[in-house]
Structures are given as C-alpha cells and as structure tokens.
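K.L.:
when you get a sec, could you give me coordinates for this:
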Amino acid sequence: MVVLDPQQVELSGAALSGVRSITIGRTPERLLEEWQDGGPFCIFADVARLRVTVKVVRWVGASELGAAVEPGEVSTLRFSVTGDGTASQRVQVQCVCSSVTHEAGIAESSGRMPSGVVQKIELRGVSFQPDDDPVVFSNTTGV
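P.N.:
Got it, this is the predicted structure:
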C-alpha cells in the first residue's frame, strides 16, 4: 500500500505534520511450497509467517523537535486515506519503531516542499494476538 500526502497522521498520540508518504509492505518470512514429481511448477504455496513493514517519510521544519518515536518504542500509527469522491478510510497500525533517520533536504523547484530535513521512520507491524492483522482499516463514510 502506498499513500501519498495522507491526512491526519498521528504517531504515538502526536500529530505528524509534513508527511509526504506512508508505505505498508508485507513480506513472507516463512514460505511453504510443494512440488510434484515430473513438473517444474509449484502446486501449493502458503505464507506461514508474515512481516509488516511501515515507512513514513516527512519533511521536518526548523521549529519541530524531531522524531515522534524512538527505536524499540511500541506505538500506534493512525492516518486517513481519501479516495475519489467522499469516501475515506481510516488506517490504524500497531507497531514498534525499528529506525528513525534524517537527511538534509532542499526545496523542489515547484516550491511544494520547503527546505528542511527529510525524516524517515521505519516501523514493524506487531500483533498482540497471533491471528490479528496489525493493520486495521475502517470506513469513515458518513462520519
């Protein structure tokens, strides 16, 4: 999932400004595959373990203090995704921070992003129940 310019981003209860993108990736950690004799193709595949990685990229201005979370900290990421029309989705992810990095940035020629620092926050989705997805979507239509 890729969300560009998400609305109302909150991490650990603090509002995050300047968020340019949020990506949620799912990678198999244990892939089960079976083949039959005589054929080159897999006849069965399943993912027994799944890693959820979330990356938040934002511009940090001069008046901001920096990271909203520290590596190892358990937190909740919440944000809104507005599609075509009026329907929107609210996304909530239970996670643990795995890294926070900063890079000096410069303004785009269009002036859309101010000079500042690019902050990249990487999070791991975690579930406190084995079968619960750490990423939860809720429809906010009519709210």
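K.L.:
how much space is there between Arg90 and Glu64?
P.N.:
Per Cβ to Cβ, to the nearest Å, Arg90 is found 24 Å from Glu64. For glycine as for every other residue, the C-beta is placed from the backbone atoms N, C-alpha and C.
K.L.:
okay, and the beta partners of the residue nearest the centre of the chain?
P.N.:
For the chain, Val54 is the residue whose C-alpha lies nearest the centre (Cα atoms, centre = their mean; 3.0 Å). Residues in a beta bridge with Val54, per DSSP bridges, are Ile24, Leu123.
K.L.:
so it touches Ser75, yeah?
P.N.:
No: here Val54 does not reach Ser75: they are 10.5 Å apart, not a contact under Cβ atoms under 8 Å.
K.L.:
hey, what's in contact with both of these two?
P.N.:
By Cβ atoms under 8 Å, 6 or more residues apart in numbering, Val54 and Ser75 have these common neighbours: 95, 123.
K.L.:
could you find the closest non-adjacent residue to Val47?
P.N.:
Leaving aside its sequence neighbours, Val47 sits nearest to Pro28 (Cβ to Cβ, 6 or more residues apart in numbering; 4.3 Å).
K.L.:
now the one you found: how far from Val52?
P.N.:
Taken as Cβ to Cβ, the span from Pro28 to Val52 is 11 Å.
K.L.:
looking at these two, which is more packed in?
P.N.:
It is Val52, of Pro28 and Val52, that has more neighbours when counted by other Cβ atoms under 10 Å, with 19 against 13.
K.L.:
any low-confidence regions in this structure?
P.N.:
Scanning the chain with the threshold set as pLDDT under 70 gives 62-63, 65-67, 84-87, 105-115, 140-143.
K.L.:
which parts of it are strands?
P.N.:
Under the criterion DSSP state E, strands of the chain are mapped to 2-4, 7-11, 14-16, 19-35, 42-60, 74-82, 88-105, 116-125, 135-139.
K.L.:
now those strands as JSON lines including distance to Ala68?
P.N.:
Output for the strands of the chain, formatted as JSON lines (distance: least, Cβ to Cβ, whole Å):
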{"stretch": "strand 2-4", "distance to Ala68": "17"}
{"stretch": "strand 7-11", "distance to Ala68": "5"}
{"stretch": "strand 14-16", "distance to Ala68": "5"}
{"stretch": "strand 19-35", "distance to Ala68": "11"}
{"stretch": "strand 42-60", "distance to Ala68": "9"}
{"stretch": "strand 74-82", "distance to Ala68": "8"}
{"stretch": "strand 88-105", "distance to Ala68": "9"}
{"stretch": "strand 116-125", "distance to Ala68": "8"}
{"stretch": "strand 135-139", "distance to Ala68": "19"}
